[in-house]
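> here is my input; please provide its structure:
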Amino acid sequence: MSTLVIVESPTKAKTISKFLGKDYIIKSSFGHLRDLPKSELGIDIENDFTPRYIIPKAKMKTASELKKDAKKAKSILFASDEDREGEAISWHLAQILDVDPKDAKRLVFHEITKDAILHAIENPRPINFDLVDAQQARRVIDRLVGYKLSPFLWAKVARGLSAGRVQSVAVRLIVEREREIQKFNPEEYWTIEATFNKATQTFIAKLHSIDGKVLDKLEIKNDENAQNILEHLKNSGYTITRLEKKQVKKQAPAPFTTSTLQQRAHSQLGYSSKQTMMLAQQLYEGVDVPGRGSMGLITYMRTDSVNLSEKFLNDSREFINKKFGKDYLPEKAVKYTTKSKLAQEAHEAIRPAEASITPDSIKDSIDPKMWKLYNLIWCRAVASQMNPAISEATAVDIADDTNKYLFRATGNVLLFPGFLAIFPETQEEDNLPALKEKEKLDLEKIEPLQHFTEPPARYNDGSIIKAMEEYGIGRPSTYAPTVSTVIARNYIERDDKKRFFPTDIGFLVTDILVQHFPQIVDYEFTAKLEDDFDKIAEGNEDWIKVTKDFYEPFIKNLEIKDKELQKKDLVEEKTDQVCEKCGEPMIIKTGRFGRFIACTNYPTCKHTKQLGKDGEQITEPPIDEKCPECGSDLMRRHGRFGSFISCSGYPKCKYIKKEVKSIGVKCPKCNQGDLAMRRTKFKKIFYSCTHYPDCDFAVWQKPTGEKCPKCASLMVDMGNEKIKCSNKECENHK
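Below is the predicted model:
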């Protein structure tokens, strides 16, 4: 008889089976086998919030097969991930397979390597019921919020809406940032730059102080102020009054946590948080590498720890010494401590499973996107064990003849790359010419420059996760799912620079929750609840008490608001317009997909008008075209994905006209059609020729209209202000 090892992923099972012999059978549960029922609350509130778990129909076959395998096995080992979710999976599996959870054996490992798996098998531990309780508390409270508050929103706002304990707070962050941007009034300010000449080399210095007072950013408010200063300076001479040089050390950053990986992958690679975690999951569970088979390339990717194992520290130091020499190697291994007191999910940072598996050694063996993420993780982890980068920073103060006006120039020269040799960061060198104190300088030109203050930037995938982490909202395993959920719920959208902005319904739901359910979207309260989950995981708090303390005031307030609030008071605004079809007053309503003007005589009169994102009414020219299916007039409508033309006889006739919108770029293949934006059946955007199927040209990224100077192919916008050639064979594509 064999030992049954159960993991949650088939890829993970495949990788682990490589390290174990015929005495082991490795099976996958494909995630959770039990969950709360979707059709009902599934929680016995009167009986200490006891959850009622079921095996969903889609999971029945897997459960049945595992039961058969369990009966044949001499023993069972539960090897799901070592976090709260993984602990709960093992607990559920034990109960399904008639194993007393107190007697169940858990395998614990943070990397899927032979040594780690064999060590785990030799040292199984019992199920950690504190972790199970922490997961159960989160699941129960989130279910209570979702299944109690969402129906309230359906009744008072629109069907299909949802509210969540973490997702609603994330939307609030984005809504409040957008309102900051809307209220922002740009202020004008000026700076003055002087270009000096020394031995045919020029450099720029900025006006830094007047009469010994350092200029505030908004000190020079307008052109008149700037010209007054220039009047005093135009005929003056200039002398260096101070020259200071000092060495600056820049320490290597800590290895990645879940949050910092998602932030860096977004800023450097343009990956969404969801995409980053999907690729990281594959790297952790196992990738087929030619000549090596299936292997886990990184450690567990849901963590807020920055620790590194002694083995990795030794291996990476050996690599650095061999590759770069002792100058790049600190005397002792560099050890980092997390800034977060909440680092509970795992014992290590995200790092390569083996330092010896360099990115170059597997570049041609794995998916390019996966490789880019692995390269990022490998470089950051190894670089964390290297000496600091050393630069020479130079500051030069230059005074006019009156010594009233002081200009300052700074320069920076990299003397020793240190960790930058592996993990390069943006660091522009600015080498000043050879200068001396009391030296006279020739002024080449002096000019005022106009500027305007800018509003705070919209959140993107990286910055929203950074904000959530700083507020203590959510945990490593919840960041990416939270962002994905609020996008799917149509509470937020991405602009053309992949930054988030709220939809009309996002604004409305947030305002309702802030005004009437302040606790649900309160930053401090949400963070405190996360702390309570951590205390449960540590065995210092009771999950039933935490749930009760949350639920009782929440449900009491919900019952009050359900009676107090009327739908029309929340979603309707009066206008001075009259319906041109029936003469009744028109009102502004907010539905699931935005704001629109509607007749108050609904449902007798269904006349509506669309509002744009600026709140202005959209006036569409009439469509002089009949429906090809029923002969009724065609009309333009507006939905979640924008405007479209359909039959005015809807819902009896559901004809929709397919429209192709050109982006104003000629097709480079046939030179006849234009390129148009289209969507796949999975809503992914691509750009193809309007003469399809006669011409099959298509690209995923948006063409800019420019041609590549190397090969004349179209240049495309990669996002993050990156433009490259669409021809994969061209050097400008890299």
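> confirm residue 266 sits in a helix?
Yes - for residue 266, which was evaluated using DSSP: H, G, I helix; E, B strand; the rest coil, the result is membership in a helix.
> burial measure for the nearest residue to it once chain neighbours are set aside, as a count.
Closest residue in space to residue 266, ignoring its immediate chain neighbours: residue 462 at 3.8 Å, by C-beta to C-beta, 6 or more residues apart in numbering. For glycine as for every other residue, the C-beta is placed from the backbone atoms N, C-alpha and C. By the measure other C-beta atoms under 10 Å, the count of residues near residue 462 is 23.
> for the residue nearest the centre of the chain, what are its contacts?
Taking C-alpha atoms, centre = their mean as the criterion, residue 461 is the residue nearest the geometric centre of the chain, at 2.6 Å. Residue 461 is in contact with 262, 266, 271, 272, 273, 483, 498, counting by C-beta atoms under 8 Å, 6 or more residues apart in numbering.
> can you check the pLDDT for it?
Here, the pLDDT recorded for residue 461 equals 94.
> try residue 642
At residue 642, the model reports a pLDDT of 61.
> what's the answer for the one 3 residues further on, then?
At residue 645 the predicted local distance difference test score is 84.
> what of residue 341?
Per-residue confidence (pLDDT) for residue 341: 49.
> got it, and residue 580?
So, for residue 580, pLDDT stands at 85.
> so it sits right up against residue 607, yeah?
Yes - taking contact to mean C-beta atoms under 8 Å, the distance of 7.4 Å between residue 580 and residue 607 places them in contact.
> burial count for residue 471?
If you count neighbours by other C-beta under 10 Å, residue 471 ends up with 16.
> close enough to count as contact, it and residue 523?
Yes - Residue 471 is in contact with residue 523 according to C-beta under 8 Å; the separation is 4.9 Å.
> now list whatever residues contact both of these two.
What both residue 471 and residue 523 touch, as defined by C-beta under 8 Å, 6+ apart, is the set residue 169.
> for the protein, what's the longest helix?
In the chain, ranked by residue count with DSSP state H as the criterion, the top helix is helix 129-156.
> can you pull out the strands in the stretch 601-734 of the chain?
Under the criterion DSSP state E, counting those that start in this stretch, the stretch 601-734 of the chain carries strands at the ranges 608-610, 634-639, 642-647, 656-657, 662-666, 674-679, 685-689, 698-699, 702-707, 714-719, 722-725.
> same check, this time on the stretch 101-250 of the chain
Counting by DSSP E, counting those that start in this stretch, the stretch 101-250 of the chain has strands at residues 105-106, 188-198, 201-210, 213-214, 238-250.
> and the longest one, what's buried?
By 16 or more other C-beta atoms under 10 Å, the buried positions in strand 238-250 come out as 238, 239, 240, 243.
> could I get these as TSV with pLDDT?
Formatted as TSV, these follow (pLDDT from 0 to 100):
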residue	pLDDT
238	95
239	96
240	96
243	96
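> which stretches in the stretch 301-450 of the chain count as helices?
Counting by DSSP state H, counting those that start in this stretch, residue ranges of the helices within the stretch 301-450 of the chain are 310-324, 359-362, 368-383.
> among these, which is the most enclosed?
Of these, the one with the most neighbours on average (mean count of other C-beta atoms under 10 Å) is helix 368-383, at a mean of 21.
> other SSEs contacting it?
helix 258-264, helix 273-285, helix 310-324, helix 359-362 (3 or more C-beta pairs under 8 Å, 6 or more residues apart in numbering; DSSP states H and E).
> export the third one as CSV, just CAs?
Included here for helix 310-324 are C-alpha records, laid out as CSV according to Å, rounded to 0.1, in the frame of the first residue of the first chain:
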residue,chain,number,x,y,z
GLU,A,310,20.7,30.1,5.3
LYS,A,311,21.1,27.8,2.2
PHE,A,312,20.1,30.5,-0.2
LEU,A,313,22.3,33.1,1.6
ASN,A,314,25.3,30.8,1.2
ASP,A,315,24.5,29.8,-2.4
SER,A,316,23.9,33.4,-3.5
ARG,A,317,27.2,34.6,-1.8
GLU,A,318,29.0,31.8,-3.6
PHE,A,319,27.5,32.9,-6.9
ILE,A,320,28.4,36.6,-6.3
ASN,A,321,32.0,35.8,-5.4
LYS,A,322,32.5,33.6,-8.4
LYS,A,323,30.8,36.0,-10.9
PHE,A,324,31.8,39.4,-9.6
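> quick check: angle from it to helix 368-383?
On the basis of axes from the mean of the first three to the mean of the last three C-alpha atoms, to 10 degrees, helix 310-324 is oriented at 90 degrees to helix 368-383.
> could I get the strands of the stretch 101-250 of the chain as CSV with distance to residue 294?
Written out in CSV, the entries for those read as follows (distance: least, C-beta to C-beta, whole Å):
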stretch, distance to residue 294
strand 105-106, 23
strand 188-198, 58
strand 201-210, 56
strand 213-214, 61
strand 238-250, 39
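> right, so of the ones you listed, which gets closest to residue 173?
strand 188-198 (28.8 Å; C-beta to C-beta).
> return the list of strands paired to the closest one, each annotated with direction.
strand 201-210 (antiparallel), strand 440-452 (antiparallel) (DSSP bridges).
> mean neighbour count, those strands: which tops it?
Scoring these by mean count of other C-beta under 10 Å, the most buried comes out as strand 201-210, with a mean of 16.
> average pLDDT for it, rounded please.
The pLDDT scores in strand 201-210 average 95.
> and it with strand 238-250, angle?
Between the axes of strand 201-210 and strand 238-250, defined by the same axes, to 10 degrees, the angle is 90 degrees.
> in PDB, list the C-alpha atoms belonging to strand 201-210.
C-alpha atoms of strand 201-210 as PDB (Å, rounded to 0.1, in the frame of the first residue of the first chain):
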ATOM      1  CA  GLN A 201      31.400  72.100 -21.400                       C
ATOM      2  CA  THR A 202      28.100  73.500 -20.300                       C
ATOM      3  CA  PHE A 203      26.000  72.700 -17.300                       C
ATOM      4  CA  ILE A 204      22.700  74.000 -15.800                       C
ATOM      5  CA  ALA A 205      22.200  75.500 -12.400                       C
ATOM      6  CA  LYS A 206      18.800  76.500 -10.900                       C
ATOM      7  CA  LEU A 207      18.100  79.600  -8.800                       C
ATOM      8  CA  HIS A 208      18.200  78.200  -5.200                       C
ATOM      9  CA  SER A 209      17.900  81.100  -2.800                       C
ATOM     10  CA  ILE A 210      17.600  84.900  -2.600                       C
END
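> tell me where the model's unsure across the protein.
Applying pLDDT under 70 to the chain picks out residues 339-346, 427-428, 612-622, 638-643, 659-660, 682-683, 720-721, 734.
> centre of the chain versus stretch 513-530, how much separation?
Stretch 513-530 sits 22 Å away from the centroid of its parent chain (C-alpha atoms, centre = their mean, to the nearest Å).
> quick check: buried residues in that stretch?
Under the neighbour-count criterion of 16+ other C-beta under 10 Å, stretch 513-530 has 513, 514, 516, 517, 520, 521, 522, 523, 526, 527, 529, 530 buried.
> identify the farthest-apart pair in those residues.
516 and 530 (23.0 Å).
> picking up where we left off before, and the helices of the stretch 301-450 of the chain as CSV, adding distance to residue 113?
Listed next are the helices of the stretch 301-450 of the chain as CSV, based on distance: least, C-beta to C-beta, whole Å:
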stretch, distance to residue 113
helix 310-324, 10
helix 359-362, 15
helix 368-383, 15
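> out of the ones you listed, which gets nearest to residue 285?
Nearest to residue 285 among the helices of the stretch 301-450 of the chain is helix 368-383; the distance by C-beta to C-beta comes to 11.7 Å.
> neighbouring contacts of that closest one?
Contacts to helix 368-383, defined as C-beta under 8 Å, 6+ apart, come from residues 252-253, 255-256, 261, 264-265, 268-269, 271, 275-276, 279-280, 282-283, 287, 297-298, 308, 312, 316, 319-320, 349-352, 355, 357-359, 362-363, 366, 419-420, 422-423.
> what's the domain layout of this structure?
3-127, 137-184+479-564, 188-251+389-452, 258-383, 570-657, 662-733 (automatic domain parsing).
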